[in-house]
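Participant: Quick one, what's the 3D model for this:
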Amino acid sequence: MGYIAAVFCFVLMLCSLFLLFLGLPGNWLILGIAALWAFFSSAPDFGWQFFVLLGSLAALGEVVEFLAGHFGTKKYGGSGKGSIGGMIGAVLGGIACAPLFFGFGALLGALGGGFAGCWLLEKSGGATNQAASRAAFGATLGRFGGFVVKLGIGIGMIWLIASRLWDGLGAAL
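Facilitator: The predicted structure is shown next:
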């Protein structure tokens, strides 16, 4: 495969990274694009160990994003119930707001929904407005931090793939 195909593959990976802002599994799509490249190009630099590394990074991004919201809630005085409310609220908010702002509403909806879900379950558990708001802020902060880490992992995955992609093209010439 030539340079045009490599550039197309790189652009697809960047678009996949954008999907993270929409609440979609962009890092997994990056992994899929790399697998397609390896399948169609018979690239020797893309061995199974490389795909284990990429899969581990994508899974790590999901775990960090999940745990960051939980620990953010706990750090700011919330309960396990509030943490679950934050996770459920984030999913529902992301889905509900996805059509807004050209898809960027999904990120805003996830953050707002996480806040609302945590706040509601903390309040239903008897927390004061101040304590529920503090826990909900922690859930939102943790969720955003987890998103930033996941985005960074996606950028790292693209860098790893692109470096092997371009090295493989240079060796083929």
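
Participant: what's the average pLDDT for the lengthiest helix in the chain?
Facilitator: Criterion DSSP state H: the longest helix present in the chain is helix 129-172. Mean per-residue pLDDT for helix 129-172: 89.

Participant: check contacts around G142.
Facilitator: G142 makes contacts with A68, G69, H70, F71, G72, T73, K75, as judged by CB atoms under 8 Å, 6 or more residues apart in numbering. For glycine as for every other residue, the C-beta is placed from the backbone atoms N, C-alpha and C.

Participant: Nearest the geometric middle of the protein, what residue?
Facilitator: K150 (4.3 Å; CA atoms, centre = their mean).

Participant: Nearest residue to that one in space, please, no chain neighbours.
Facilitator: G61 (3.9 Å; CB to CB, 6 or more residues apart in numbering).

Participant: so how many other residues sit close to the one you found?
Facilitator: Using other CB atoms under 10 Å, G61 has 25 other residues around it.

Participant: was I right about it contacting G26?
Facilitator: No: look at G61 against G26 with CB atoms under 8 Å: they stay out of range, at 9.3 Å.

Participant: Need the residues touching each of those two.
Facilitator: Joint contacts of G61 and G26 (CB under 8 Å, 6+ apart) are G154.

Participant: Name the helix or strand for A35, please.
Facilitator: Using DSSP states H and E, A35 maps to helix 26-41.

Participant: Measure how the helix or strand following that helix sits relative to helix 26-41, angle-wise.
Facilitator: Heading C-terminal from helix 26-41, the first helix or strand you meet, by DSSP H and E, is helix 48-75. Helix 48-75 runs at 180 degrees relative to helix 26-41, counting by axes from the mean of the first three to the mean of the last three CA atoms, to 10 degrees.

Participant: Same question for the next helix or strand after helix 48-75: list its buried residues.
Facilitator: Sequence-wise, the next helix or strand beyond helix 48-75 is helix 80-97, with elements assigned using DSSP H and E. Of the residues in helix 80-97, 81-94, 97 count as buried by neighbour count, 16 or more other CB atoms under 10 Å.

Participant: same thing with stretch 111-122?
Facilitator: L111, G112, G113, G114, F115, A116, G117, C118, W119, L120, L121, E122.

Participant: Now, the residues you listed that are in helices?
Facilitator: Counting by DSSP H, the part of the buried residues of stretch 111-122 found in helices is L111, G112, G113, G114, F115, A116, G117, C118, W119, L120, L121, E122.

Participant: didn't the second one look like it was pressed against C97?
Facilitator: Yes: the criterion here is CB under 8 Å, and G112 meets it with C97 at 7.4 Å.

Participant: what do these two both touch?
Facilitator: Joint contacts of G112 and C97 (CB under 8 Å, 6+ apart) do not exist.
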